[in-house]
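>>> Sequence first, then the predicted structure:
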Amino acid sequence: MQTLNNTATGFSSANFGRSVALPFGILTLMAMMILPLPSFLLDTFFISNIIVSLLVLMVAVNTQRPLDFSSFPNVLLLATVLRLALNVASTRIVLSKGHEGSDAAGRVIEAFGEFVVAGNYAVGIFVFIILVIINLVVITKGAGRVSEVSARFTLDAMPGKQMAIDADLNAGLLSPDEATQRRADIASEADFYGSMDGASKFVKGDAVAGILILVVNIIGGLIIGIAQYQLSFSAAAETYIILAIGDGLVAQIPSLLLSLATAIIVTRVSSNHVMSEQIGNQIGISRAWYPAAAVVAFLALVPGMPTGLFLTFTVLTSGIAMFLQRKELQEIEPAPEEIVASDNHAPSGLIEVSEITEAAKISLLLGYKLVELVQDEESSSLLTRITSIRRELSKSLGFVISGIRVRDELDLDPHKYIIKIGQVVVAEGILYPKLKLAIPSEHSKEKIGGIEVKDPTFGVDATWIEDEFVKSAKTDDYAIIDPDAVITTHLGQVLRKRAHEILSQDDVQDLLDNLSDIHPKLVESTVPKSISLDVLTVVLKLLLSEMVPITDLRKILEKISSLSAQNLKPEDISELLRPELTPLVLQQFIGVNDALKVLVFAPPLEKILLQSVQQHGSDSLVLDRDLAQSIQRELNEQTERLAAFRVPGVLITAPHIRRAVSKFFRPSLPDLYVFSFSELPDERNIEVFSTVGKQEALEPA
């Protein structure tokens, strides 16, 4: 307890120190502008100013994302005020004590002035002006323009980013807490670039103020030195110009460093590397260094050029190119142990069972161009997303989705991936890990250049684009999806629709074991007394095949126990379970108090369907080809209209034909929910959205 109290006290003291330091520092800055400072204290503040500027620059260089240094606009403001306060304090001491000599304003100002002037005042003035031009015209102006554009594009892209978050949330890629955090990050990003747009004006104003203060120091010093202290013009110029230039430089150099930090922050692209690593990775390619070496070698042959120096740099550049090429080849070649392992199997002629069987329930096979997505298991966002989607699907479906085996497959096309359940390929797609997938919205106006494809999950038109087109695509209301999000969204959709193929008796037994810890008597009296494990598994598979979750296993077993006296087939049991589980389905896509928009068959059409079922059996629906195509086409059109309301298609039928209708249309309309009138909860507000099988369809409310 004593240790805990000490720790708490330490944290409290640290927080108190931080809360007091900033107000005290601001008051100190104000005091520097009003009260005269001794020269040694002025030297201390000047050195502190340089250290602060260098520290801010190093933090900016080592920042991975601009938001990692979100306090930068505040730091920039305080650093600018510090320099201005120092300028006021130094101007006061230069004008009041400059006649005493070049060391009157402190050793720092004297050293900077004499080092740059070097006996020639004109040189010092021009060097100072050049530094100001570099700071004001090049760095500050460029950083200000980048800040302005970034702020505008960030605000314009906010709706698209919000849509992308909603899409990931609906697809199960994000939890509600993660989605909330993403939205907060987007808002912080917009605030940051907006603040940077304003903060860049501080830097520009500071550079202009530096010129004006230099002019004031020179003119004021000459006037005071000549008129008040009767110095000659040359003596006054020698003293006050040195002090003015030293004062200007000692403030302008930290200003230049902060301007550079501002430019680095606003031009920084978010990545998993600091800037030095990112630049090194991107320019460290041999095919760029070889042409550079060739051009330098050509210049060495031009008459009049310093041939020896150019040849030296040719050798140096060629050496770097060869080193980079050797490094690239090492990264491409397989590891030695992999080569040995594959060679060990060949001479013996033996084939292992593991080579021809696949134990994993679910497999994700990647072409070799996609292997980079999973090379680093600790930082791979693809593996993290797969784990997240397994967790979300397990919660929503009601059983644990087993581990997904991710491995490379050399027989695949380089950019192709396939999803397998057991030995069966159930889905495939094409992925470009270096590009982004841009999906247009109804508000998108311009067609963006890139590789045109169909989104593998929803089948809509999409385009793979390079990073340089992302900003313009977001501005045109495109949804921008990362490659790993594309593949995991597709994986999540496939697993949800084929959950019945994944569920096994072992999974069901695990569910029963878990439930027996809470309701032991229920499990004991139901399995295997009322229903065997294999039949229960078939019943649960039938429910999952129609997207009915099995999360409430207690209610399922209670209902099965009440039906034990009847000799029912698994299909009949699943039908009788559906009314108990329908609320679980509806709550996935509609609120409790919201009206449920549904599709219904016109009475004449429903009569035809009922006659077909009565004639061919409760599981069979035999229809004329043209009639079946007409119904399917109309159902497809109405479900697309319902998509505008962000709800799936829900078809309501008579109880006697529900199972046959669902079975008949499920292959062509896998996202269509088919309920009977008796399955809908009484408290639900039902709204007929459209009637299928008649000419006039009701318009949406």
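Okay, I see it.

>>> What ranges in the stretch 201-350 of the chain fall below the confidence cut-off?
By pLDDT under 70, the weakly predicted segments of the stretch 201-350 of the chain are 268-284, 328, 330-350.

>>> ditto for the stretch 51-200 of the chain
98-106, 113-121, 147, 150-151, 153-154, 156-157, 167-174, 193, 197, 199-200.

>>> quick check: domain ranges of this structure?
22-278, 284-332, 359-498, 503-584, 589-701 (automatic domain parsing).

>>> next one: phi and psi at Gln423?
Backbone torsions of Gln423, given as degrees, to the nearest 10, read phi -100, psi 0.

>>> The closest residue to Leu435 other than its chain neighbours: what's it in contact with?
Distances taken as Cβ to Cβ, 6 or more residues apart in numbering place Trp464 nearest to Leu435, at 4.3 Å, with adjacent residues excluded. (C-beta placed from N, C-alpha, C; glycine too.) Going by Cβ atoms under 8 Å, 6 or more residues apart in numbering, Trp464 touches 432, 435-438, 450-451, 453.

>>> Which of those are buried? Put it as a PyMOL command.
The following PyMOL line selects those of the contacts of Trp464 that are buried, judged by 16 or more other Cβ atoms under 10 Å:
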select buried, resi 432+435+436+437+438+450+453
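
>>> nearest to Thr526, of the contacts of Trp464?
Among the contacts of Trp464, Leu437 lies closest to Thr526 (Cβ to Cβ), at 47.3 Å.

>>> Does the closest one touch Val460 like I think?
No - if you go by Cβ atoms under 8 Å, Leu437 and Val460 don't touch, sitting 10.6 Å apart.

>>> how about the helices in the stretch 601-701 of the chain?
603-616, 625-643, 658-665 (DSSP state H, counting those that start in this stretch).

>>> Show residues contacting the second one.
Helix 625-643 is contacted by residues 597, 599, 605, 608, 623, 648-651, 664-665, 668-669, 671-672, 689-690, 692-693, 697, 700 when judged by Cβ under 8 Å, 6+ apart.

>>> switch to 7 Å and redo it
597, 599, 648-649, 665, 668-669, 672, 689-690, 692-693 (Cβ atoms under 7 Å, 6 or more residues apart in numbering).

>>> So among the residues you listed, which ones count as buried?
Using 16+ other Cβ under 10 Å as the burial test, the contacts of helix 625-643 include 597, 599, 648-649, 665, 669, 672, 689-690, 692-693 as buried.

>>> Make JSON lines from these and add distance to Asp411 to it.
Output for these, formatted as JSON lines (distance: Cβ to Cβ, whole Å):
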{"residue": "Lys597", "distance to Asp411": "46"}
{"residue": "Leu599", "distance to Asp411": "44"}
{"residue": "Pro648", "distance to Asp411": "37"}
{"residue": "Gly649", "distance to Asp411": "38"}
{"residue": "Phe665", "distance to Asp411": "36"}
{"residue": "Leu669", "distance to Asp411": "34"}
{"residue": "Leu672", "distance to Asp411": "36"}
{"residue": "Phe689", "distance to Asp411": "47"}
{"residue": "Ser690", "distance to Asp411": "47"}
{"residue": "Val692", "distance to Asp411": "45"}
{"residue": "Gly693", "distance to Asp411": "48"}
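
>>> and of the residues you listed, the nearest to Ser188?
Using Cβ to Cβ, the buried ones among the contacts of helix 625-643 come closest to Ser188 at Pro648, 34.0 Å.

>>> That closest one contacts Phe589, correct?
Yes - under the criterion of Cβ atoms under 7 Å, Pro648 makes contact with Phe589 at 6.0 Å.

>>> And the strands in the stretch 1-150 of the chain?
For the stretch 1-150 of the chain, no strands are identified by DSSP state E, counting those that start in this stretch.

>>> correction: the stretch 251-400 of the chain
362-366.

>>> just to revisit the earlier point, please work out which of the helices of the stretch 601-701 of the chain is packed deepest.
helix 658-665 (a mean of 21; mean count of other Cβ atoms under 10 Å).

>>> Buried ones in stretch 489-505, by neighbour count?
Across stretch 489-505, burial judged by 16+ other Cβ under 10 Å covers 489-503.

>>> Out of those, list just those in helices.
By the criterion of DSSP state H, membership of the buried residues of stretch 489-505 in helices covers 489-497, 499-502.

>>> about what we covered before: of the contacts of Trp464, which is the nearest to Ile560?
Leu437 (44.8 Å).

>>> quick one: that closest one and Ala479 touch, right?
No - counting by Cβ under 7 Å, Leu437 does not reach Ala479; the two are 8.5 Å apart.

>>> From what I see, Ser564 and Ser530 are in contact.
Yes - Ser564 is within contact range of Ser530, at 3.7 Å (criterion: Cβ under 7 Å).

>>> of these two, who's got more company?
Ser530 (16 against 13; other Cβ atoms under 10 Å).

>>> Next up, the contacts around the more buried one.
So Ser530 contacts 560-561, 564 (Cβ under 7 Å, 6+ apart).

>>> From those residues, pick the one nearest Ile133.
Ile560 (84.2 Å).

>>> Can you tell me which helices and strands the helix or strand hosting the closest one packs against?
Here Ile560 sits within helix 553-562, counting by DSSP states H and E. Counting contacts by 3 or more Cβ pairs under 7 Å, 6 or more residues apart in numbering; DSSP states H and E, helix 553-562 packs against helix 505-516, helix 520-526, helix 570-586.

>>> could you redo the last one with a cut-off of 8 Å?
Packing contacts for helix 553-562, counted by 3 or more Cβ pairs under 8 Å, 6 or more residues apart in numbering; DSSP states H and E, involve helix 505-516, helix 520-526, helix 533-545, helix 570-586.

>>> Same list, these, but as CSV with mean pLDDT and distance to Tyr240 please.
Putting the helices and strands packed on helix 553-562 into CSV (pLDDT from 0 to 100; distance: least, Cβ to Cβ, whole Å) gives the following:
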stretch, mean pLDDT, distance to Tyr240
helix 505-516, 91, 86
helix 520-526, 90, 95
helix 533-545, 93, 88
helix 570-586, 91, 84
